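Student: pasting a predicted model and its sequence here:
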Amino acid sequence: MAKKIALIVGSLRKDSLNRKFANALVEVAPPELQFEFVDIGDLPLYNQDLDDAGTPPAAWTAFRDKLRGVDGIAIATPEYNRAMPGALKNAIDVGSRPWGKSIWNAKPVGVISASIGAVGGFAGNMNVRQCMVTLNAPVMPGPEVYIGNGSALLGEDGKVNNEKTRAVLAGWAKAFAAWVETNASKG
């Protein structure tokens, strides 16, 4: 049976480079992974007072419920100022609360990153991994994927234009399928 995977793109931009690589990832993934994109753009900034008062915004509740119901989470993130984007950090914070009810706990996570720069969003990727480990989410240690000079790897149609990059994404997806199989439902 296919594993349900939430796919979160850290960039909110409609023409996001990471969204394009996330789409390519879905295309080359093995059939045992069933991806669903989960939007984070409508999540209000986290404020613990709303959880304490029992009045979390509907968007927080929907996000938490959706991620609670998946077998694993894949994150495609850019790097903003040597860290993950604020919207992604907010989504991680929303999912980690209220205290003791984190949706990330024991949920298998995989992270890829892409950028127009040469280092492929390395710092943003590591920043996400650091947060996930802190939240007791088993983060796939490898293979690691940092796609540098990402815009040069896309054709005019916005799709990956070379087999080497597709093969890297396919290898990551195969490893992630095994990671999820090994780590799902352990929490």
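Tutor: Cool, got the structure. Numbers count the residues shown, from 1 in each chain.
Student: please count neighbours and contacts with C-alpha atoms only from this point.
Tutor: OK.
Student: any stretches of the chain with poor pLDDT?
Tutor: Counting by pLDDT under 70, the chain has low-confidence residues at 186-187.
Student: could you pull out the strands for it?
Tutor: All strands of the chain, identified by DSSP state E, fall at 3-9, 33-37, 72-77, 109-114, 145-147.
Student: which neighbouring elements make contact with the second one?
Tutor: Using 3 or more Cα pairs under 8 Å, 6 or more residues apart in numbering; DSSP states H and E as the contact test, the elements touching strand 33-37 are strand 3-9.
Student: and the strands of the chain, which is most packed in?
Tutor: Most buried of these, by mean neighbour count (mean count of other Cα atoms under 10 Å): strand 109-114, with a mean of 29.
Student: coming back round to it: adding distance to residue 167, write the strands of the chain out as a markdown table.
Tutor: Output for those, formatted as a markdown table (distance: least, Cα to Cα, whole Å):
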| stretch | distance to residue 167 |
| --- | --- |
| strand 3-9 | 19 |
| strand 33-37 | 17 |
| strand 72-77 | 17 |
| strand 109-114 | 14 |
| strand 145-147 | 11 |
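Student: so what's the residue lying closest to residue 159 once chain neighbours are set aside up against?
Tutor: Spatial nearest neighbour of residue 159, chain neighbours left out: residue 20 (6.6 Å); criterion: Cα to Cα, 6 or more residues apart in numbering. By Cα atoms under 8 Å, 6 or more residues apart in numbering, the contact list for residue 20 reads 158-160.
Student: and what of residue 3?
Tutor: Residue 3 touches 32-34, 70-72, 180-181, counting by Cα under 8 Å, 6+ apart.
Student: what about the spatially most central residue of the chain, distance to residue 165?
Tutor: What sits nearest the mean C-alpha location of the chain, by Cα atoms, centre = their mean, is residue 75, with 1.2 Å. Per Cα to Cα, to the nearest Å, residue 75 is found 17 Å from residue 165.
Student: picking that back up, out of the strands of the chain, flag the one nearest residue 66.
Tutor: strand 3-9 (8.2 Å; Cα to Cα).
Student: and that closest one, which strands flank it?
Tutor: strand 33-37 (parallel), strand 72-77 (parallel) (DSSP bridges).
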